[in-house]
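>>> What follows is a predicted protein model with its sequence.
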Amino acid sequence: MNKNALKKFIAMSAFFFIVISLIIVSGVESRNNELLLEKQLNLKQDPLDPYFKQIAAKKWVDDEIIIKFKDSVSTTRAHTILSSVSKKTEKLHTRQIYKVKLDNTTVEAALQKYKNDPNVEYVQPNYIYVLMATPDDPGFHMQWGLKNTGQKVEGTYTTNNPGCTGCDIRVEDVWGVSTDCSTVTIAVLDTGVNYIHEDLKNNMWDGRSNGFTKHGYNFVERNDDPMDYHGHGTHVAAIAAAQGNNGVGISGVCWKGSIMAVKVLSDEGYGSTSAITRGIYFAVDNGAKVINMSLGGGAFDYVFYDAVLYAKSKNVLVVAAAGNDGVALYSKSSMYPCMYGMYAADNVICVGALDQTETLASFTNYSKKDNIVHIYAPGVNILSAITSTRTVPITGNLINQANWQKTDNNWAIHNSLGYTVASNPANFDFTTSYKPNLYNSHLYTTVDCTGYNRVSLLYEAYIDTESAYDVFRVKYIAGQTIQNFNEVPVLFSISGKNNSFKVYNHHLKSCSNSLCTIAFQLETDSIVHYTGVALKYAAICNLAPVDNLYHVWHGTSMATPFVSGAAALVWAINPGFDYAKVKEKLLSGAKKQIMYGYGNSEYTIRKLNVWGALTVLMEPKNLRYERIK
């Protein structure tokens with residue numbers, strides 16, 4: 001790692017699982033007028049605020065289902081059947097699989113309607129999946145998973161840290177044979193990949209012959225830019241194939257690789273059945289041989305399973321995370337796509353996590369049968385590349401600007417606190433109370449975001465409302481004409497107190513390259529009133545990725561790409577293999593350890609050993625032999 005990158009790596013503040021803390025403060029300047037968000041205030045947005053608690057609790061998209069019709073049903077007939085519940089249908093692939101946006105009916109009612117239809121092979125919700133990592137504090141750049149010397153790694157996972165010499169995946173011996181996996185494309189289905197990162201830019205899939213100039217596709221926002229604004233997908237990709245021996249950063253399992261960026265998880269770290277299955281079909285149809293999925297959910301998903309079987313039919317290996325719940329996986333405790341390998345999808349390898357002494361990590365899911373969690377790999381205190389963002393200002397501090405409008409006089413912009421704030425009530429002073437029965441109290445302004453592709457609203461707000469009854473909302477809509485504020489989409493809402501001025505950030509997806517109207521609202525009931533809302537900073541910015549940052553994280557998400565990189569390396573050295581042979585080599589060449597469970601019962605786990613995978617001699621099958629007397 002070069003000195004500048006190391007300094008930036010050490011200076012990075014912590015990320016959160018699912019939610020990234022994005023921060024800015026008025027008046028801070030840096031070179032090129034670009035602000036590194038993590039360095040501005042040392043404040044972190046609560047990852048369990050009500051908005052994200054709601055996301056984490058949801059199991060499927062509220063108003064969508066997925067239907068697969070039988071092969072005998074024509075497209076015309078399928079559209080006729082679907083027209084009774086929706087005018088918005090979308091085919092997920094060339095096969096007869098449709099995502100259906102429901103009109104005036106619930107998911108449960110639609111499932112009941114179609115489950116016994118003789119034309120339907122299956123119908124299910126559009127499930128939600130989340131990533132399988134827990135971000136960690138910045139740590140010392142020691143890649144113990146590739147070479148364990150018993151070093152201590154400065155990360156928050158302290159059990160068995162330092163580790164033990166030789167407790168690694170034994171890839172150094174393989175690098176004496178080959179470091180080049182570029183003939184085997186690894187599709188990273190995740191939050192995207194930072195394809196401009198200094199350690200990944202030369203190892204990205206070249207999709208230009210297929211019409212993809214940015215190394216993949218974004219199935220969350222449905223465009224050709226799979227840039228990672230979360231960090232998880234970049235971290236995963238670099239474990240598998242960060243450029244090695246180039247004098248900067250880290251090394252991947254593969255020094256030279258071909259990473260296909262397939263964005264199927266949002267910037268908040270969750271994704272739906274439809275996005276993920278589209279990603280699988282895209283990866284398979286565009287030549288990926290290994291698919292890395294460091295994500296998971298608890299429901300058996302027929303659409304997802306069908307896509308994994310499609311990958312199998314095209315000789316594609318799927319490597320999936322076992323999950324971070326610390327439980328044994330079996331019929332009553334499940335994780336998919338990891339557990340599809342128990343069924344016909346024998347192209348799946350499910351991966352658990354090891355610590356620095358090759359002991360099962362405390363958080364890893366595991367199994368007492370080797371047809372569920374197949375293999376374990378390093379998964380704690382793993383240093384890898386990440387995405388961070390810098391802001392390119394579109395506006396200055398909007399609170400100091402004069403183009404605000406309001407729907408009533410309960411909002412005001414004033415300097416009575418010694419600094420300028422926009423507040424409700426208008427006479428906000430931390431002691432007075434807001435008025436009752438506010439239902440259309442909005443403060444709003446319009447900003448021209450033409451020419452900007454990643455528009456973000458950042459603001460610093462003090463919030464003090466009656467929990468569960470009064471609420472502060474942020475709304476936005478592309479354009480500048482608002483007929484009815486009740487029809488403007490709610491971007492964020494919070495009820496209760498945050499106890500101080502805190503910074504919030506929201507991506508304004510529909511405002512890219514357009515005019516954008518943002519509105520702040522306070523809604524109150526008739527009784528119990530608090531001191532209200534004050535904003536002392538608000539700005540519209542464009543987010544741009546940073547290309548040379550690194551972080552230490554842990555999770556089965558981090559273990560999974562070690563196996564994906566190993567699979568690509570084995571396959572590149574043995575191009576005549578199919579997915580089954582690659583899987584067989586990885587499992588047969590692994591280090592084996594007997595474990596003891598309840599009642600002192602024995603079971604065996606496998607630990608990734610790349611050298612073992614290349615050198616293992618397979619026992620001949622179906623041989624007849626006689627004992628020599």
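Cool, got the structure. Numbers count the residues shown, from 1 in each chain.

>>> Beyond the longest helix along the chain, next helix or strand please.
The single longest helix within the chain, with elements called by DSSP state H, is helix 556-573. Downstream of helix 556-573, the next assigned helix or strand under DSSP states H and E is helix 579-588.

>>> The longest helix of the chain versus helix 579-588: what angle between them?
Angle of helix 556-573 versus helix 579-588, following axes from the mean of the first three to the mean of the last three CA atoms, to 10 degrees, is 120 degrees.

>>> and helix 556-573, what other elements does it pack with?
Here helix 556-573 is seen to pack against strand 186-190, helix 232-241, strand 290-293, strand 317-321, strand 348-354, strand 375-378, helix 579-588, helix 610-615 when contacts are counted using 3 or more CB pairs under 8 Å, 6 or more residues apart in numbering; DSSP states H and E. In this view, the C-beta of every residue, glycine as well, is placed from N, C-alpha and C.

>>> for it, the distance to its chain's centre please.
Taking CA atoms, centre = their mean, to the nearest Å, one finds helix 556-573 lying 19 Å from the centre of the chain it belongs to.

>>> Average pLDDT for it, rounded please.
The pLDDT scores in helix 556-573 average 97.

>>> For the longest strand seen in the chain, name the packing helices and strands.
In terms of residue count, the longest strand belonging to the chain (DSSP state E) is strand 532-554. Secondary-structure packing of strand 532-554 (3+ CB pairs under 8 Å, 6+ apart): helix 3-11, strand 134-135, strand 382-393, strand 421-424, strand 455-464, strand 515-523.

>>> Walk me through which strands that strand pairs with, and which way each runs.
Strands adjacent to strand 532-554 in the sheet, as given by DSSP bridges, are strand 134-135 (antiparallel), strand 382-393 (antiparallel), strand 421-424 (antiparallel), strand 455-464 (antiparallel).

>>> if we can go back for a sec, nearest to Pro561, of the helices and strands packed on helix 556-573?
Pro561 sits nearest to helix 232-241 of all those, at 4.0 Å, using CB to CB.

>>> So what angle separates the directions of the helix or strand that the closest one is followed by and helix 232-241?
Downstream of helix 232-241, the first helix or strand assigned by DSSP H and E is strand 259-263. Counting by the same axes, to 10 degrees, strand 259-263 lies at 160 degrees to helix 232-241.

>>> same question for strand 259-263, mean pLDDT?
For strand 259-263, mean pLDDT rounds to 98.

>>> Work out the gap between it and the centre of the chain.
Here strand 259-263 is found 12 Å from its chain centre; the criterion is CA atoms, centre = their mean.

>>> That one vs strand 186-190, what angle?
Using the same axes, to 10 degrees: strand 259-263 against strand 186-190 is 20 degrees.

>>> which other residues reach strand 259-263?
185-193, 195, 200, 203-205, 207, 214-221, 226-228, 233, 237, 240-241, 279, 282-283, 286, 288 (CB atoms under 8 Å, 6 or more residues apart in numbering).

>>> now those residues: which count as buried?
Neighbour-count burial (16 or more other CB atoms under 10 Å) applied to the contacts of strand 259-263 gives 185-193, 195, 200, 203-205, 207, 214-221, 226-228, 233, 237, 240-241, 279, 282-283, 286, 288.

>>> on that earlier part again, Tyr537 is nearest to which of the strands paired with strand 532-554?
strand 455-464 (4.0 Å).

>>> What angle do strand 515-523 and that closest one make with each other?
Here the directions of strand 455-464 and strand 515-523 differ by 10 degrees (the same axes, to 10 degrees).

>>> Which neighbours in the sheet does the next helix or strand after strand 455-464 have, and how are they oriented?
Using DSSP H and E, the helix or strand that follows strand 455-464 in sequence is strand 471-478. Strand 471-478 pairs in its sheet with strand 490-494 (antiparallel), strand 515-523 (antiparallel), by DSSP bridges.

>>> coming back round to it: okay, the helices and strands packed on strand 532-554 in CSV with distance to Asn548, mean neighbour count and mean pLDDT next?
Listed next are the helices and strands packed on strand 532-554 as CSV, based on distance: least, CB to CB, whole Å; neighbours: other CB atoms under 10 Å; pLDDT from 0 to 100:
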stretch, distance to Asn548, mean neighbour count, mean pLDDT
helix 3-11, 5, 14, 37
strand 134-135, 18, 22, 40
strand 382-393, 8, 25, 87
strand 421-424, 37, 26, 98
strand 455-464, 21, 23, 95
strand 515-523, 31, 22, 96
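
>>> Distance to Thr432 added to these, as TSV?
TSV is the format used below for the helices and strands packed on strand 532-554 (distance: least, CB to CB, whole Å):
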stretch	distance to Thr432
helix 3-11	41
strand 134-135	41
strand 382-393	33
strand 421-424	10
strand 455-464	11
strand 515-523	14
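
>>> Can you check which of those gets nearest to Val351?
Val351 lies closest, by CB to CB, to one member of these: strand 382-393, at 12.9 Å.

>>> elements contacting the helix or strand following the closest one?
The helix or strand immediately downstream of strand 382-393 is strand 405-406, counting by DSSP H and E. Using 3+ CB pairs under 8 Å, 6+ apart as the contact test, the elements touching strand 405-406 are strand 442-448.

>>> Distance to Val85 added to the strands paired with strand 532-554, as CSV?
Converted to CSV, the strands paired with strand 532-554 look like this (distance: least, CB to CB, whole Å):
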stretch, distance to Val85
strand 134-135, 39
strand 382-393, 39
strand 421-424, 41
strand 455-464, 34
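
>>> quick one: which of these is nearest Ala402?
When these are compared by CB to CB, strand 421-424 sits nearest Ala402, at 11.9 Å.

>>> Name the residues that touch the closest one?
So strand 421-424 is contacted by 399, 404, 410-415, 428, 434, 438, 441, 443, 520, 522, 532-536, 538 (CB under 8 Å, 6+ apart).

>>> at 7 Å what do you get?
The contact list for strand 421-424 (CB atoms under 7 Å, 6 or more residues apart in numbering) reads 399, 410-414, 428, 434, 441, 443, 522, 532-536.

>>> Of those, keep whichever come out buried.
For these, a neighbour count by 16+ other CB under 10 Å gives the buried set as 399, 410-413, 428, 434, 441, 443, 522, 532-536.

>>> Of the residues you listed, which is the nearest to Ala461?
When the buried ones among the contacts of strand 421-424 are compared for distance to Ala461 (CB to CB), Leu535 wins out at 4.9 Å.

>>> quick one: that closest one from Thr76, how far?
According to CB to CB, to the nearest Å, Leu535 stands 54 Å off from Thr76.

>>> can you check Cys181 too?
45 Å.

>>> for Val308, same thing?
29 Å.

>>> quick one: which of the two has more around it?
Comparing Val308 with Thr76 by other CB atoms under 10 Å, the one with more neighbours is Val308, at 26 against 8.

>>> which SS class is that one?
Put simply, Val308 is helix when judged by DSSP: H, G, I helix; E, B strand; the rest coil.

>>> list the contacts for it?
Shown in contact with Val308 (CB under 7 Å, 6+ apart): 280, 318, 337, 340, 345, 348.

>>> ok, now Pro489?
Pro489 makes contacts with 475-477, as judged by CB under 7 Å, 6+ apart.

>>> what's the answer for Gln151, then?
So, once contact is read as CB under 7 Å, 6+ apart, Gln151 ends up touching 142, 144, 162.

>>> what do you get for Ala328?
Listed by CB under 7 Å, 6+ apart, the contact set of Ala328 reads 366-368.

>>> Of those residues, which is the most crowded?
With neighbours taken as other CB under 10 Å, the top of the contacts of Ala328 is Ser367, carrying 23 neighbours.

>>> Using the three-state scheme, assign the residue nearest to it when sequence neighbours are not counted.
The shortest distance from Ser367 to any non-neighbouring residue, by CB to CB, 6 or more residues apart in numbering, is to Val373 (4.2 Å). Here Val373 is recorded as coil under three-state DSSP.
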